Structures are given as C-alpha cells and as structure tokens.
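Engineer: Quick one: sequence plus predicted model below, questions after.
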Amino acid sequence: MSDDRSAPDLEIVGKQLTIHPSGFTGGPESQDGPITERNLVRHMARFRENPLEFLREVSLHMSGTGWRAYDDVIGQPVFYSGFSERMKSLILSSPLLQSKVGELASSRLGVEEKDGLLALKEGHSLDEKRSRRRNELESSLREVVDTMMDNMICKMESKTFIRGAYYMCTQLLTRAYHQGVHVSSEEVLRLRSVAAEAAKKKQSIVFLPCHKSHVDYVSLQIICYRLGIGLPVVVAGDNLNIPLLGPFLQHAGAMWIRRSFGNDPLYNTVVQAYIDTLLQQGFNFECFIEGGRSRTGKLLSPKFGILSFILDSLLSGRVEDTIICPVSTQYDKVIETESYISELLGQPKQKESLTDLLSSSSVLSLQLGRVDVRFHEPWSLREFVNQQLTRLDHPSVNVHKQLSYTERGRILRTLGYRVLSEINDVSVMMPTALVGTVLLTLRGRGVGKGELTRRLNWLCERVIAKGGRVAHFYRSPTESVVDRALDVLGPKLVGVISGLVEPTYFAVDRFQLSFYRNMLIHLFITEALVSVAMYTKIKQGGGPANQRITYEALKNQVSFLSQLFRGEFIFPPEGLATNLDNTLRSLEKDDVIKVARDDSSTPIFVELSESERLCGRENYDFYCFLIWPFIEASWLGAVSLLGLTPPLNGPKDVWIDMKKAQDSAQLLGKTLYHQGDLSYFEAVNKETLRNSYQRFEEEGIILVAKSRESRAGPSLRLAPEWTPQRHHTTGMVLDSGRLWDFTELIAQSRREGKNRRDGATVSSRVLTMSDAVGRQLFFNAAVPAPGDVSSRQMRRKEIGTDSKL
C-alpha cells in the first residue's frame, strides 16, 4: 500500500485546474472505475525533519507563487485595504437598518414626550425639541450600531495575512490529520463551475456544512483557498472571540454573533442587514445547519436562526437569489470526542481558550488519519422557494408580507431538513466508523480479527446497497483497512487481548466509540425500527410461531417509535406506509425476515427467516444494536417523569427546574446502569435525554414554562392527565395510568437483560428509585407555580408538520 503522502494533488494554475492520476481508488466495490477522489492538502515539511524543504515552502507561500498568490479568485474581490470600511458603509446605508434606527428613535422619543421630559427643556418650540432629540437619539443608535458592526463583521483586508494563515492552518491540520484532506474530484470541479457562474451573476454560495469539530470551518476555508474560490464569511459564536484567536479568525473570515440575541431588535436588524449586504454583493457565506457541534456523532436537528435570516433576505426581495451548497465533513477521528463525552455525562462545558484549542491531546503530534469533505450539488434557493410557494398557492417570491407565520415556518423547516438529508446523502463512511459500528453491534465480549474483517465487508456492502458512500481504501485489502482504523482509534477506545488462538479485539470505551457508530446510523434507521418492533415478540422466546408478529402490531409499534424519535433521526420523506413497505421488502430480499402475505400481497405476519435463525440472528441483531441505546435513553427519560408525581400531601402545582430534572434523570440512569437495569451507559447522555424531554413536551406529557422577567431556565411539571396516582396509604407511585402505559410501550422494544422479565421487580424497585429522586427535586423546589409565565402546554411547533419513519 502506497504512502498517503505520495498521493498527487490537484494542480491549479490560473484558471486551469488539472487532475493528475494517482493509480489509487477505493471502496469495496469494483476497482475498475474512474478515480474520483484526491488528497487535496499534502503533508507539509517540518523544520526538524527537512529544514530546507520547510524554508522553501514558507518562501513559496509568502511570495505567493502559483496558486498560493490567491489572485485570480472565482467570486467577488476580497482581501484589499478598505474592505471592512466598505462593508460597514453598505450596512449602514441599508434601508432596513435605517428604518429600524428611526423606529427605535421614535419609540424612545414617544416615551420621553409622554413622561414630560421634552417639556422640561427651555427654549425652542416643541417641534424643534422633538427634531433635535430625534437626531440625538438616532446619532446615539448609530454609534451603538457602529460598535456592533466592529465586533461582528469579518475584516478580510490582507492577502499577505491570508497566505500566512493558510500555511499555518495547513501545517496544524496536516500534523493532526496526517493523511490529509480528501475531496471528490468530480464534486470540486462542479463546485468551481457553479462558483464561476454565480460570480458572473454576483450571487453568493451559501455553504451549509454539518458540524462535528472546530476543524470543520478550517478545512472548508483551506479547500476554498486551494481551489481559488472566494473564501466564505463564516458565522461563528462569539465564545470563540478570545484573545489572539478571535482577531486572527475575524481577519480570516469569521463573523462573530452572540450565542443568544435576547430581546434586542437593533442587534437582530444589524445581523439581517449584514447578511443582506453579503448576499447582495455576492460574497460567499457559511453557517452550520446544526448550530453547535454534534456531541453524539450523528446530525442534529436543524437550527433555524441564521437560515431564517437568509430566507428573509430572499422572501423580502432584498436579495434576488443565492446558491445553497450542503457540505459533509467526516473524520477518521474527531479531536474533541473526549471532551464531548465529559459534557454528555454532565460535566460543565469548558470555556474556550487558545491553549486548550492548540493542545487538544497534543494536537501537534496526533495521528488522526484523514478528513473527508464532500459537496452536494449546489442549487438555487429562489427555485426552491418558488416550488414551496406554488404548494402554498402563492404566485411569486416577493410575498414576505403575505405569508403567515406558519407558512413561512413550513418553508424554513422544509429547507432545513432538505439540507440535512443532502448532507447525509453525500457523507462518507470512514473506516473508524465502520469498525466502531461492528464492535458495538456484536454479541459477546470481543471479536477475532477474521470475524471483524468479515463483518466489515458485510457492513460495507450494506452501506453501498443503501446508497451510502464508503471512504476510499486505496485498493488495499480489508485487513489493512481494519488495521488502519484500529491504529487511529487507539488502545483507549479499542483494546486487544494477545496470547490467545487469535488476537481478540474489544471495545474499551463504548461511550466514545458510539460517536463513530452514530455517523452511519441514519442509513439503517428504518431497518432498526422494524427490527426492535419485531423484538416485542422475539424477546418472548419459544418457537418461530411464537415469535411471529402480525403486520398490524408491527406497524403500530413502528409508528409509535418513529414518532418518539422524530426529533432524533432524519427519516426518508415518503411517509410511514411507504417506508415500512420498502423496508420490509429490503429485509426480505436480504433474507433477514420472511413476510407472509395474502392473495392480494398484503402482509399478514412478519418473522425471522430460517437462514437468519441459522446464522444466529447476526444481521437482525445488528439493526437492533444500532437503536437499542436510544430506546434505553427514551425509556430512562419516561421513567424519570414518573418520579415527578407530586407527593401525596404536598402541593400539586410545584414547578421543577428543567435542568435539575434532567440532571436528576442522568443520576438515576447512572444508578440503573451500574445496577444492571440499563444495558447501555450512553443512554444517560445529556443530549439524548434533552431530546426525549423535548418530545415529552411536544406530546403534552409535561408542561414547560419560562418566566418573562427571570433569567432562570425553563421549569416543568407533569400535565394533569398524564400524572400517575399514588397509593392512598403508602404514598408510592402506582404502576398504572397513561404515563406508565407510555413507558411500558417503550420498554417493549428494550433489550432483554437483568430483571427485564420480572415486571414486578422493575415496577417496584425502579419506581421507588425514580420516586426518591423526584422527591428530592420537590423538596428543593422552593418556588410554587410561577405567576408570570409563558406556557407552552401541548403546543406543537408551528414550523412544519410531524415527520414519521
């Protein structure tokens, strides 16, 4: 197998881009097809290893030799003196911003006039006083706007700076990810073509990447620089605006925004005016569709903040059109996973610092494999919006004032989930994700090298059959791919026992390894839900006839689970009936299940196939193992709600702090795991529990309220119709009622384990423990029902419709 560092690059000279053949291709599929992948960023020289080559590279970058000059850029001109001041001037001249400044000045003037403050000033008529005061207020507001802009806008002023920044960032990146940044040749050629066409029309490309690491925006900036495409302005949270790093990133393209806008209409308008200006001028733009970084490895639900600003620019007619480009960034190993696990287990998030960022597990000496970046085919936002408006019976794009809040929300939600779906479509499954998934979906303590290799080949075939992509393996045998993945994951995640008949590998840190498994779970989510729905019968044991499930029972359980996880996973858009039918036919074709149908081909019963039973249910178990940790987390969330039943003789309207309730649920989960009532420690992770509570709120199980005047977080209590009863003498929570039935419905698909078959044990001991945790919450809740709250009782989100499997 050749060294990755010898892999050729893309050659860019002026407007000409040339692909040099490498002799490498990859994937378990046929090796005879065209080569479509390249390592875009070569390993760079180090001073200690090769001082002359190191100095030569520095000289080439500083002098701007060839593509390094970044002169003939596809897009609008950037990196010139006065760029920032020009942007400020354009923002200030925005009619939207001027109108808001006038509106706020008038509002304040009205308050002062009502309070008699203008009359206190001697001389001049009242009209003159109004005029002077209005000018003073507007001048003061413009000063505030100027400060906001200075802190917010990117300051891309110097090409010398950006050359040096590119060189330094590439050095850091290729030291951590020693096998480089890989792209699809076909996709980057298409991207350059789209960028050239957009530049002619003075249109922006809005890059919408997934977000797993701080490396995401660094790698995309490096790719755009290397391809000669205008660097995008990157939306970044101001928590990264720290000494030294903050100014550096701002001059490299970062646009700082507050983590929360609060009730600040002026700041909101400045952000909108800035985005309007960028899109009107045709500058490329980048924001993360998920908002923050995913701590779990899978895509998060879309965040609509910045997306809403972009959509508003178009709907209002202030921007004619812009180009949307979903981007997937995948890693052999993510630098921050250790800190992610700490956060998910309840440790407070550490404040960002430059030292921590650079020293993340000695970032300068890590060997983390490679980064794979894939670009979906870009598309016109205007065309998308027009399609949506046609469905809403609106004739044109300039209908901002005609659209209702609900209609606008539906368009926004559809946009967000389309982007997520397309990110999944182009995502590449890395060797570490494949190996991690195999290790977490096998029964037993460990697995031999031969079996690990066999299952990896099977998984690659399934990924490709589902339309997924497998990272290129450079024509190396699967055994080498396994070795490479194990080397990158390291002994802290995957251990090996030697001295046996064959080396046996086992998952050391299952929680952290689950991050990599979650990278591909979206491909098999429908198969997983069907499998755990079948498990409601299979777990009962007995012969094949006893484990057979009726189609109606299967459909009901799948429907329930898909509703339960609608905020957790992205399902195919065809709807429950179609997705279920497609999934059953796919599993039947793979000989995992057998479906009995009547004369009209309508399914009657579903059961495991004979061949699946003979092979020890290994394929069926794979799908169950994928989803079981999430089933456990939802069950834990529901069990924790049982403990929120008000005490027998206490007040019934006590509101519990949401964060404290979730922290207590996590503590309960850790206890249940160590006592054997939870099979998966990752079920106690904060992110999944938070998602469960959000679903409980949407379902109307809990009522959530937030004080308008307090900075305290939201509080909750059980909805009356969902509140369990207590025994009138013992005060114990009864194992009956609507919430108990809901919890049991989840439990039907849980993995069998300690005490699972003894319902009485679970209902008594687990209930008692949940009640004890809940009683402590009630004891600590000093404040009864808040007087001034904004209740969201049983309110479904107005953005869009429910999604099912």
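Structural biologist: That came through fine. Numbers count the residues shown, from 1 in each chain.
Engineer: okay, and for the stretch 251-400 of the chain, where does confidence drop off?
Structural biologist: 347-365, 394-400 (pLDDT under 70).
Engineer: ah, wrong one, I meant the chain
Structural biologist: For the chain, applying pLDDT under 70 flags the ranges 1-69, 117-124, 347-365, 394-401, 472-475, 708-711, 753-763, 782-805.
Engineer: Give me the longest helix you can find in it.
Structural biologist: When every helix of the chain is counted residue by residue (DSSP state H), the longest turns out to be helix 126-152.
Engineer: which parts of the helix or strand harbouring Phe778 are buried?
Structural biologist: Counting by DSSP states H and E, the element that carries Phe778 is helix 767-780. For helix 767-780, burial by neighbour count (16 or more other Cβ atoms under 10 Å) applies to Leu767, Met769, Ser770, Asp771, Val773, Gly774, Arg775, Leu777, Phe778. The C-beta positions use only the backbone N, C-alpha and C, and glycine is treated the same way.
Engineer: Same check on stretch 719-728?
Structural biologist: By 16+ other Cβ under 10 Å, the buried positions in stretch 719-728 come out as Ala719, Trp722, Thr723, Pro724, Arg726.
Engineer: Columns distance to Leu668 and secondary structure on top of these, output as a markdown table?
Structural biologist: Formatted as a markdown table, the entries for the buried residues of stretch 719-728 read as follows, by distance: Cβ to Cβ, whole Å; DSSP: H, G, I helix; E, B strand; the rest coil:
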| residue | distance to Leu668 | secondary structure |
| --- | --- | --- |
| Ala719 | 21 | coil |
| Trp722 | 19 | helix |
| Thr723 | 19 | coil |
| Pro724 | 16 | coil |
| Arg726 | 19 | strand |
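Engineer: quick one: Ile222 and Met168 touch, right?
Structural biologist: No: in terms of Cβ atoms under 8 Å, Ile222 does not count as a neighbour of Met168; the distance is 10.8 Å.
Engineer: So these two - more neighbours on which side?
Structural biologist: Comparing Ile222 with Met168 by neighbour count (other Cβ atoms under 10 Å), the higher total belongs to Ile222, at 23 against 12.
Engineer: how close does the more buried one sit to Val371?
Structural biologist: 10 Å (Cβ to Cβ, to the nearest Å).
Engineer: what touches both of those two?
Structural biologist: Residues touching both Ile222 and Val371 comprise Leu173, Val181, with contact defined as Cβ atoms under 8 Å, 6 or more residues apart in numbering.
Engineer: what's the neighbour count on Val733?
Structural biologist: Val733 has 25 neighbours, counted by other Cβ under 10 Å.
Engineer: Over to the one 5 residues further on?
Structural biologist: When counting by other Cβ under 10 Å, one arrives at 13 neighbours for Arg738.
Engineer: Identify the residue spatially nearest to it, adjacent ones excluded.
Structural biologist: Spatial nearest neighbour of Arg738, chain neighbours left out: Trp722 (5.3 Å); criterion: Cβ to Cβ, 6 or more residues apart in numbering.
Engineer: quick one: contacts for that neighbour?
Structural biologist: Leu641, Gly700, Ile701, Ile702, Gly737, Arg738, Leu739, Phe742 are the contacts of Trp722 under Cβ under 8 Å, 6+ apart.
Engineer: Distance of it relative to Trp740?
Structural biologist: Taken as Cβ to Cβ, the spacing of Trp722 relative to Trp740 amounts to 10 Å.
Engineer: try Ile229
Structural biologist: Spatial separation of Ile229 from Trp740 under the definition Cβ to Cβ is 57 Å.
Engineer: The two: which has the busier surroundings?
Structural biologist: When Ile229 and Trp740 are compared for neighbours, Ile229 comes out ahead with 23 against 20, by other Cβ under 10 Å.
Engineer: who's the more buried one bridged to?
Structural biologist: On the basis of DSSP bridges, Ile229 is bridged to Ile74.
Engineer: Next one: it from Ser184, what distance?
Structural biologist: To Ser184, Ile229 is 15 Å away according to Cβ to Cβ.
Engineer: tell me which element Gly616 falls in.
Structural biologist: Element membership for Gly616, per DSSP H and E: none, as it lies in no helix or strand.
Engineer: Now that Val766 has come up, it's in contact with Gly669, right?
Structural biologist: No: the pair formed by Val766 and Gly669 falls short of the contact definition of Cβ under 8 Å, at 11.0 Å.
Engineer: how many neighbours does Tyr225 have?
Structural biologist: The criterion is other Cβ under 10 Å. On that basis, Tyr225 has 22 neighbouring residues.
Engineer: With adjacent residues omitted, what lies nearest to it?
Structural biologist: Using Cβ to Cβ, 6+ apart, the closest residue to Tyr225 is Tyr166 (5.1 Å).
Engineer: Quick check: the one you found touching Ile223?
Structural biologist: No: the pair formed by Tyr166 and Ile223 falls short of the contact definition of Cβ under 8 Å, at 10.8 Å.
Engineer: Can you show me the strands along the stretch 101-250 of the chain?
Structural biologist: Defined through DSSP state E, counting those that start in this stretch, the strands belonging to the stretch 101-250 of the chain, from first to last, are 181-184, 205-209, 233-237.
Engineer: Which residues does the last one contact?
Structural biologist: If I follow you right, that is strand 233-237. Residues from elsewhere that reach strand 233-237, judged by Cβ under 8 Å, 6+ apart: 154, 217, 221, 249, 253-259, 278, 283-288, 292, 306.
Engineer: same thing but 6 Å
Structural biologist: Applying Cβ atoms under 6 Å, 6 or more residues apart in numbering, the contact partners of strand 233-237 are 154, 217, 253-256, 259, 278, 283, 285-287, 306.
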